[in-house]
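J.: Need coordinates for the following:
(2 chains)
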2 protein chains.
Amino acid sequence: MDSQESLTKDFPLVTKDMELSEFPQTLQQAMASAPNEQISSVEEIRRPVFSVLNTPDPPAPWKELASSVRVKVLSHGKKSRSLPHFLLSGLQGLFPVLRWGRNYCLKSFQSDIMAGLTLASLGIPQSIGYASLAKLEPQYGLYTNLVPPLVYAVMGTSREIAIGPVAVVSLLISSMIQKIVDPSIDSAGYKKIIFTVTFFTGVFQACFGFFRLGFLVNFLSHAAIVGFMGGAAIVIGLQQLKGLLGLTHFTNKTDLVSVIEAVWIGMHQSWHPSNFFLGCFFLIFILVARFLGRRKAKLFWLQAIAPLISVILSTVIVFLFRGDRHGLKIIKDVKSGLNPSSVKQLQFTGPFVGESAKIGVICAVIALTEAVAVGRSFASVRGYQLDGNKEMIAMGFMNIIGSLSSCYVATGSFSRTAVNFFAGCKSPVSNIIMAVTVFITLEFLTRLLYYTPVAILASIILSALPGLIDVQEAWSIWKIDKMDFLACVGAFIGVLIGSVEIGLLLAVIISFARIMLSSLRPRIEALGRVEGTNIFCSKRQYPISALAPGLMIIHIGTSFLCFINANFTRERVTRFVLEGKKLQKENIEGKIQYIVIDMSNVMNIDSSGIAALEEIHSRLESLRIQVAVANPGWQVIHKMKLAGLVQRIGDPWIFLTVGEAVEAFLSFSV
Amino acid sequence: MDSQESLTKDFPLVTKDMELSEFPQTLQQAMASAPNEQISSVEEIRRPVFSVLNTPDPPAPWKELASSVRVKVLSHGKKSRSLPHFLLSGLQGLFPVLRWGRNYCLKSFQSDIMAGLTLASLGIPQSIGYASLAKLEPQYGLYTNLVPPLVYAVMGTSREIAIGPVAVVSLLISSMIQKIVDPSIDSAGYKKIIFTVTFFTGVFQACFGFFRLGFLVNFLSHAAIVGFMGGAAIVIGLQQLKGLLGLTHFTNKTDLVSVIEAVWIGMHQSWHPSNFFLGCFFLIFILVARFLGRRKAKLFWLQAIAPLISVILSTVIVFLFRGDRHGLKIIKDVKSGLNPSSVKQLQFTGPFVGESAKIGVICAVIALTEAVAVGRSFASVRGYQLDGNKEMIAMGFMNIIGSLSSCYVATGSFSRTAVNFFAGCKSPVSNIIMAVTVFITLEFLTRLLYYTPVAILASIILSALPGLIDVQEAWSIWKIDKMDFLACVGAFIGVLIGSVEIGLLLAVIISFARIMLSSLRPRIEALGRVEGTNIFCSKRQYPISALAPGLMIIHIGTSFLCFINANFTRERVTRFVLEGKKLQKENIEGKIQYIVIDMSNVMNIDSSGIAALEEIHSRLESLRIQVAVANPGWQVIHKMKLAGLVQRIGDPWIFLTVGEAVEAFLSFSV
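T.: Sure thing, here's the model as predicted:
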């Protein structure tokens, strides 16, 4: 790193036609001479303005941890010095409504009413559909669209996010729980586990937020999520074939083969084309409405209202022509009334508690992943930042309270959040408006849903799926990073062929294997100097770079030199030297006398790394090659001192920059 | 990286007392003006000698993989062009004896005979003891000391390593297998599983070597091994209390609590002090012999021969005084004759195959870890390098052939290798000599072992244990790296309190969690320039470094900017900027107009990392801050190009060094 022109004057690049014979003696002699003399001479050459070795010790790991916790804890209460102020700010932290509520004005309320109603017109049919995906009765979808949004409205920090049941989590929860209890056999037992899982999901989410474990959500890489969502969308679409074709019997499995088999068998047994035609008609209607809504901003309401129109129209049609007598499947009874309490249905004893907690963890991570991604992307459009940890606490409490009031896992829905955003919502009040609308529906309108055909629910779900399949993003991942694409495809195929869990597992394994792999084989490269400058860079990347004969710079490209890569590093460095010696035998290059190990990338090291450096040093010493170390990280130089490695290499051979190290060599050789 | 003095002349450090009012307009205007004009002016300023953007594309991942495989495969056969030559070099690769055997001379043979006999005198009593640790009859220890050393002698590359049963693997294999079959109930079934496990161990070891998976051995960090070995040594020592106290009933468990309980119960039921006194006497004898042997090089033979002397003396004592009638436990019958075949005892069907394979993997890794560590440390003393992959193939074949001839898992023993080395071995022939001695023992001398007291075997094993407990190393690990020490202690306590597997698992988990943690939270730091130089370094590490007002350099300290740290990086960078803005409000520093992101540490990036960079860029852009990127890695710049990020940031804002980027800013502001 330098300004080039000024340097070239008094720092000439040593070219290859310098007399080779001059070097060996000089440096060899210097090395052979009394070490004290040698050290002083090097000190002179280095003109150290300041040294790597004189920096203060880095803070101990626990001190760093403590200070980071202190910063986080105090950051809330910094401005408030008195107790009431402190309590108020704590309350405001937990219930952001206390902060934004004070400045809330009528104009925002008007916008929120419009957005809330639009949201409800989309959310009510969707949530009924998702309830069927979760193998629950329709009212549970409505319940989940009532309590969690209210809780989120007082605790959440996102202004746009629309809370309620979502497709992927509905699929996930039903596909995992029905392995324990079959809902078609023991409906009450199934529901008990649903609520227990929801409770655990909430507890885990709140814990993630409280203990600031937000990074857990990052354990699924972006690529894996793209693949997983795509696969899940197709699986969900296939599940809808049951409703769309009016099949009575269907498989509980979610993989491609089982579903196609079930459809094949079903179509040979009991198939009512009327379901299919009705469903397809309204599916096309919704898709066209969405297409128009996206093309023209003025027609935006069309895509939000289309599902509700479909439900109303199809219900009227079925009612008028008594379609249920002609093989059309209908929803029939939807229990009216507000959410009943489900406190007594939670099961904390019995054989399924462990399993429920496990499913709870998975649901917590997936639900948070979706919600955080949705919330963050809309927050960044509006130019504010979400506090991930607060969001997690809000989501956690909303699911805990949901689990006590007959709701299953709720989270932020991408499609509804977009609608909420474009409908002009200003605050979480739009969620409250939606919840009120759902409440009215539950109290007074459930009877109207009696004749709603099941095929319509299927087509509403189907119409929401294209948003989950992001081919463009997959393509750009392929372009940028093939290994990332592998994780994407792994998750996709895993969900499609195996099961939802297998897809998730594959995605996590591939993503982590990659990090391991990149730590396992760091890039060890020979550096050269760019002619006319003092810039040192990879000889492979910049073939024009070169070095003085007898000199070699090796760059260690890992930020943590530790047990899994220490050996590799040691072997690779040795190989570089041996290859250099081979070239030397073939008279291509001069004898290597001096090796600079550029450790500027190494930020941390463990005892295996220290041992590897020691071995490298003693091996090169036995080959009569002088080793210099350039720019080790703060922790690294500290640990090298502690291990006595600095002493062994020799103080004067540890430099702040590669440039200085090279200069020291050149001063010797000239 | 630079030469300082030359730079300071024409590259003055901008000091804080420069007029702040000058900057904002200049850069802001420049940024606001037509982008084309701006770019050309920056181009002029940069005087690019060569650019980061003009380097060739990095090789694709599969090309790198292919070329690395090609190098490895061809490296054997490079010199041989004809088929016979190729075959010969292949054979020599597989059987190194064909290479070193041709230069083997009589003088080496004499040394090897001496070393081999010394080895046998130590190895025979040890292997009988280890067989009892593995819950097998004494002859199985001898078998294992016969066939595997012969196989290794023709296939191995280490000259010093002594092959045979070792304490830790014996403990490991018995503690894991007796959970499946209890040897005291079904001795034949237990042996079948022992041989099957040995077979799997060999197969896995050979596969590791063949597929060059040597890095798997590194998955146990050095610290974890120190802790594990220490814990295992104590567990083994506790197991010896059975023999030393002459107890009849003992626990099958290995944890501290169970063993102490068993000893307590045993000492109240049936305890024969004569065993204890005899054992202690010879234990002290062996320890004194070793102490003397270590102090004086001439008395070296003493420590090697002491166990054999103990066996002979104690056997004679017992025989003369008929000690077995006075409660002294003796070995009794040792089956004489060469190893019987165990081909038919291998079980590849039945309920335990999966379990056997699992135990085989663990044994393979532990055995290799010990052997490679031993072989490598002695090879480095003699100044040659071991080929880890060839060693693994040799170990694999030796265990496969061993499993067919009634041997259990063999590996390189540390204590015997040291004896072999100090006895002056020159080649693996010393292993052959030892095997021949064992063969003679098996054929003719087993009857003499009838009266050998069990307590002597216990004291021989006990005497070998102090070498496994490396307190000094643990202390140096504590000094260097506290987290490493945690892995060490975790493994130690896991083995001691839980079981051998729990200890291993803990060690692996702690070690890996650490790597994850270090990837999870990379060090993101603000850099400053050291006054009077062009060196940029961490402001925290070098408090004397400073920067021109309005400028900020942020260093990203991870080698792989990927999904698990992309978010953290984004948040940390944003926080730096916001903190900078806060300082600006308090009039401490100038308005930030220009941020250089120093990516010299980032060697690779994935799509989440690219997305994070994009977000950082767009967020800073919205704050009217110009972003420059300095020195991204080869893969990184390639992927940034592919993702269109280079275009978005703007070609002229991507620099090769931080120095150049800062220079560009200063040219604007002046």
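J.: Give me the most central residue, chain A.
T.: Chain A has A:Asn218 as the residue nearest its centroid, 3.1 Å off, counting by C-alpha atoms, centre = their mean.
J.: which residues does that residue contact?
T.: Contacts for A:Asn218 (C-beta atoms under 8 Å, 6 or more residues apart in numbering or on different chains) come out as B:Phe563, B:Ile564, B:Asn565, B:Ala566, B:Asn567, B:Phe568, B:Ser608. C-beta coordinates here come from the backbone N, C-alpha and C atoms, glycine included.
J.: try 7 Å this time
T.: When contacts are counted by C-beta atoms under 7 Å, 6 or more residues apart in numbering or on different chains, A:Asn218 touches B:Phe563, B:Ile564, B:Asn567.
J.: can you list the domain ranges for chain A.
T.: For chain A, automatic domain parsing gives the domain ranges A:4-53+A:521-669, A:177-407+A:454-514.
J.: Keep only the contacts of A:Asn218 that also lie close to chain A.
T.: Filtering the contacts of A:Asn218 for proximity to chain A (criterion: C-beta under 7 Å from any C-beta of the partner chain) leaves B:Phe563, B:Ile564, B:Asn567.
J.: Could you dump those into JSON lines with distance to B:Thr417, neighbour count and pLDDT added?
T.: Formatted as JSON lines, the ones next to chain A among the contacts of A:Asn218 follow (distance: C-beta to C-beta, whole Å; neighbours: other C-beta atoms under 10 Å in any protein chain shown; pLDDT from 0 to 100):
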{"residue": "B:Phe563", "distance to B:Thr417": "45", "neighbour count": "27", "pLDDT": "86"}
{"residue": "B:Ile564", "distance to B:Thr417": "41", "neighbour count": "26", "pLDDT": "86"}
{"residue": "B:Asn567", "distance to B:Thr417": "49", "neighbour count": "20", "pLDDT": "85"}
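J.: Can I get stretch A:216-233 in CSV? Just the C-alpha atoms.
T.: The C-alpha coordinates for stretch A:216-233 follow below in CSV (Å, rounded to 0.1, in the frame of the first residue of the first chain):
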residue,chain,number,x,y,z
LEU,A,216,-28.7,-18.4,14.4
VAL,A,217,-31.1,-17.1,11.7
ASN,A,218,-28.1,-16.7,9.5
PHE,A,219,-27.2,-20.3,9.7
LEU,A,220,-29.4,-20.9,6.6
SER,A,221,-27.5,-19.2,3.8
HIS,A,222,-29.4,-17.0,1.4
ALA,A,223,-28.8,-19.6,-1.4
ALA,A,224,-30.1,-22.4,0.8
ILE,A,225,-33.3,-20.3,1.5
VAL,A,226,-33.9,-19.7,-2.2
GLY,A,227,-33.6,-23.4,-2.9
PHE,A,228,-35.7,-24.4,0.1
MET,A,229,-38.5,-21.9,-0.6
GLY,A,230,-38.6,-23.0,-4.2
GLY,A,231,-38.8,-26.7,-3.3
ALA,A,232,-41.4,-26.0,-0.6
ALA,A,233,-43.5,-24.0,-3.0
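J.: circling back to that earlier point, between the ones next to chain A among the contacts of A:Asn218, which is nearest B:Gln178?
T.: Nearest to B:Gln178 among the ones next to chain A among the contacts of A:Asn218 is B:Ile564, at 40.6 Å by C-beta to C-beta.
J.: Mind listing what's buried along the helix or strand hosting that closest one?
T.: In the assignment (DSSP states H and E), B:Ile564 maps to helix B:563-585. For helix B:563-585, a neighbour-count test (16 or more other C-beta atoms under 10 Å in any protein chain shown) marks B:563-574, B:576-577, B:580, B:584 as buried.
J.: got it, and stretch A:382-395?
T.: With burial defined by 16+ other C-beta under 10 Å, the residues of stretch A:382-395 counted as buried are A:Leu386, A:Asp387, A:Gly388, A:Asn389, A:Lys390, A:Glu391, A:Met392, A:Ile393, A:Ala394, A:Met395.
J.: Equivalent analysis for stretch A:179-193, please.
T.: Those would be A:Ile180, A:Val181, A:Pro183, A:Gly189, A:Tyr190, A:Lys191, A:Lys192, A:Ile193, for stretch A:179-193 by 16+ other C-beta under 10 Å.
J.: How about stretch A:299-308?
T.: For stretch A:299-308, the buried set under the neighbour-count rule, 16+ other C-beta under 10 Å, comprises A:Phe300, A:Trp301, A:Leu302, A:Gln303, A:Ala304, A:Ile305, A:Ala306, A:Pro307, A:Leu308.
J.: Make sure I have this right: the last one is in a helix.
T.: Yes - looking at A:Leu308 with DSSP: H, G, I helix; E, B strand; the rest coil, it is inside a helix.
J.: Next up, the contacts around it.
T.: Residues in contact with A:Leu308 (C-beta under 7 Å, 6+ apart) are A:Ser121, A:Pro125.
J.: I'd like to know which elements the helix holding B:Ile564 is packed against.
T.: helix B:500-520, strand B:523-529, strand B:551-557, helix B:607-622 (3 or more C-beta pairs under 7 Å, 6 or more residues apart in numbering or on different chains; DSSP states H and E).
J.: Can you tell me which of those is nearest to B:Gly424?
T.: When the helices and strands packed on helix B:563-585 are compared by C-beta to C-beta, helix B:500-520 sits nearest B:Gly424, at 35.4 Å.
J.: list the buried ones in that closest one?
T.: Neighbour-count burial for helix B:500-520 flags B:500-508, B:510-512, B:514-516, B:518-520 (criterion: 16+ other C-beta under 10 Å).
J.: Over to stretch A:401-409?
T.: Neighbour counts over stretch A:401-409 (16+ other C-beta under 10 Å) mark A:Ile401, A:Gly402, A:Ser403, A:Leu404, A:Ser405, A:Ser406, A:Cys407, A:Tyr408, A:Val409 as buried.
J.: coming back round to it: need the helices and strands packed on helix B:563-585 in a markdown table with distance to A:Asp470 and mean pLDDT, can you?
T.: Below are the helices and strands packed on helix B:563-585 laid out as a markdown table (distance: least, C-beta to C-beta, whole Å; pLDDT from 0 to 100):
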| stretch | distance to A:Asp470 | mean pLDDT |
| --- | --- | --- |
| helix B:500-520 | 26 | 84 |
| strand B:523-529 | 30 | 88 |
| strand B:551-557 | 27 | 90 |
| helix B:607-622 | 12 | 88 |
